[in-house]
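Engineer: Provided below are the primary sequence and the corresponding predicted coordinates.
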Amino acid sequence: MTEIGPELLDLEVGNVANGGFCVARHEGRVVFVRHALPGERVRARVTDRTKNFLRADAVEILQPSPDRVQPPCPFAGPGRCGGCDWQHASLPAQRRLKAAVVEEQLQRVAGITRTVTVEEVPYPVTDEMPPDPGLGWRTRVQFSVVDGTVGLRRHRSHDIEPIDECLIAHPGVEMMGIERKRWPGTVSVEGIVSATTGDRLVALKGGRKARVPRLDVPVRLFRGKETAPDKQVPYVREEVSGRLFQISGSGFWQVHPGAAGLLADAVLEALEPKPGEIALDLYCGVGLFAALLGERVGPDGLVVGVESDAQAVRDAKFNARDLPQVAIERGQVEAVVPDLEFGRADGTGRTQTKRGGGHHRGARVRGADIVVLDPPRSGAGRAVVDQVARLADRKIAYVSCDPATLARDLAYFSERGWTLETFRAFDAFPMTQHVECLAVLVKG
């Protein structure tokens, strides 16, 4: 391994690392290399130096892996768009790489040895099918805008790569023509499409002088300031398990067309909710799991959803309006859950507890049969894990898009007597490093 110049290194690439990198070494220092694959020999340009490690981009492949393919997108590659990490790997290889990352995080952080298979997320059969496997899946794409030009951020940079097409964007997003228009005065533009209903929305951030061009198809327009409680915010509708869910503005929803339904089915199958049970849905968003759990526990059961975002809470209440057994609480999970456990929960008056097989309005929730957590990328954290571990009785389902914070929280649960029963991983973000995981915990 010799240094070619002040910024170029010849490297033997080792295992994959969390974050879309592979690991190499140069003069005893770790080098995290993008655009490489395990087992390759590459020439890499150093992009960042720290006291302990280097970051680099593979700019020349001296000995390729059999898993290497030509990236389908012309904007992918060293120094270009940072949205995709693994376009240079075949889809089966991408899933093996993600599985290796999850296994390593579980073992190193949580002390859990588990063989992981990353499952394909089926693309629902629609009139707008993607051109190739692994492409055309992203139903929500946020584009950056600089001086009216649309692009996507480069890796670890505020600079943008101007583009005229995103290959992982859903055909319904590309149909709008966002990238091929000028957006003066705008900071970012998010194209949103429902793969189940066909609803289209553009979420816009910018100053007062932001001008919206004429798009190629009719869309609803959402400007970021439209957050007043008494103002109707534009929305899209998604259908899962025969129910319609309203998602207002740029609110959170799974971006792969098949992910929400697949995760909902997996969570319900794992938890096996029974009529009359009490369930908690923490970080409930617009109420996907809360509503479906509400159907399963029935009128004698109770589901309490907790969410901090005001608009998501309004959507969740609307989405569960036909289920009186579902109550939605607004607030930070770590602040609301102790209130549910030890006292009255503000904002609903419907928080209940199980007494002698029945539920009584206005009483305290001292325990939950089953709990779902779907936190942001930062995870739940020790305080929430402590609360849930005390509150839950039968099973906990933890949905996560970050293997590192998931493994950390699983270690916390283990300290409190909860063990991993089943684990599944889903390729909900093809071409990228990201993977969706479901960990199911039981006492013991």
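Structural biologist: That came through fine.

Engineer: The closest residue to Leu323 other than its chain neighbours and Val372, how far apart?
Structural biologist: Nearest residue to Leu323 in three dimensions, chain neighbours excluded: Gly294, at 4.0 Å (Cβ to Cβ, 6 or more residues apart in numbering). In short, each C-beta sits where N, CA and C put it, glycine included. With the distance defined as Cβ to Cβ, to the nearest Å, Gly294 ends up 12 Å from Val372.

Engineer: What is the neighbour count of the residue lying closest to Asn319 once chain neighbours are set aside?
Structural biologist: Closest residue to Asn319 apart from its sequence neighbours, by Cβ to Cβ, 6+ apart: Gly287 at 4.5 Å. Using other Cβ atoms under 10 Å, Gly287 has 29 other residues around it.

Engineer: The one 10 residues further on now?
Structural biologist: Using other Cβ under 10 Å, Val297 has 22 other residues around it.

Engineer: The one 3 residues further on now?
Structural biologist: The local packing count at Asp300 equals 13, with neighbours defined by other Cβ under 10 Å.

Engineer: helix/strand/coil for it?
Structural biologist: Under DSSP: H, G, I helix; E, B strand; the rest coil, Asp300 falls in the coil class.

Engineer: Quickly note the distance from the spatially closest residue to it that is not a sequence neighbour to Pro299.
Structural biologist: Counting by Cβ to Cβ, 6+ apart, the nearest residue to Asp300 once its immediate chain neighbours are dropped is Gly276, at 4.3 Å. Distance, Gly276 to Pro299, using Cβ to Cβ: 9 Å.

Engineer: who has more neighbours, the two?
Structural biologist: Taking neighbours as other Cβ under 10 Å, Gly276 and Pro299 compare with Gly276 leading, 17 against 12.

Engineer: in stretch 152-172, what's buried?
Structural biologist: 152-155, 160-161, 163, 166-172 (16 or more other Cβ atoms under 10 Å).

Engineer: how long is that stretch from one end to the other?
Structural biologist: 18 Å (Cα to Cα, to the nearest Å).

Engineer: Next: stretch 124-140.
Structural biologist: Counting by Cα to Cα, you get 16 Å between the two ends of stretch 124-140.

Engineer: what mean pLDDT does that stretch have?
Structural biologist: For stretch 124-140, mean pLDDT is 80.

Engineer: Repeat that for stretch 156-168.
Structural biologist: Mean pLDDT, stretch 156-168: 95.

Engineer: Just the CA trace of it, in CSV.
Structural biologist: Extracted C-alpha coordinates of stretch 156-168, given in CSV (Å, rounded to 0.1, in the frame of the first residue of the first chain):
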residue,chain,number,x,y,z
ARG,A,156,-21.0,15.8,3.6
SER,A,157,-21.4,19.1,1.8
HIS,A,158,-23.8,22.1,1.5
ASP,A,159,-22.9,22.2,-2.3
ILE,A,160,-25.5,20.8,-4.6
GLU,A,161,-25.2,18.6,-7.7
PRO,A,162,-27.6,20.1,-10.3
ILE,A,163,-29.7,17.4,-11.8
ASP,A,164,-32.5,17.1,-14.4
GLU,A,165,-33.7,13.6,-13.2
CYS,A,166,-33.5,11.5,-10.1
LEU,A,167,-33.6,7.8,-10.9
ILE,A,168,-34.7,6.6,-7.4
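
Engineer: what does that stretch contact?
Structural biologist: Outside stretch 156-168, the residues within contact range by Cβ atoms under 8 Å, 6 or more residues apart in numbering are 47-48, 55, 72-73, 75, 80-84, 134-138, 141, 144-146, 149-154, 173-174, 179-180, 430-432.

Engineer: quick one: pLDDT of Gln325?
Structural biologist: At Gln325, pLDDT is 96.

Engineer: I should have written Ser248 there, sorry.
Structural biologist: Note for Ser248: predicted pLDDT of 96.

Engineer: The one 4 residues further on now?
Structural biologist: Per-residue pLDDT puts Phe252 at 95.

Engineer: Spit out the contact partners of it.
Structural biologist: When contacts are counted by Cβ under 8 Å, 6+ apart, Phe252 touches Gly285, Val286, Asp309, Ala312.

Engineer: Please report the distance of it from Pro376.
Structural biologist: 9 Å.

Engineer: Also His170?
Structural biologist: From His170 to Pro376 the distance is 23 Å (Cβ to Cβ).

Engineer: Give me the contact list for the top helix by length along the chain.
Structural biologist: The single longest helix within the chain, with elements called by DSSP state H, is helix 91-110. Contact with helix 91-110 is made by 15-18, 37-38, 65, 67, 86, 89, 112-118, 120, 133-134, 403-404, 406-408, 410-411, 414, 423, 425, 427, 430-431, 433, 435, 437, as judged by Cβ under 8 Å, 6+ apart.

Engineer: following that helix, which helix or strand shows up next?
Structural biologist: strand 118-120 (DSSP states H and E).

Engineer: partners of that following strand in the sheet?
Structural biologist: Partners of strand 118-120 in the sheet, by DSSP bridges, are strand 418-427 (parallel).
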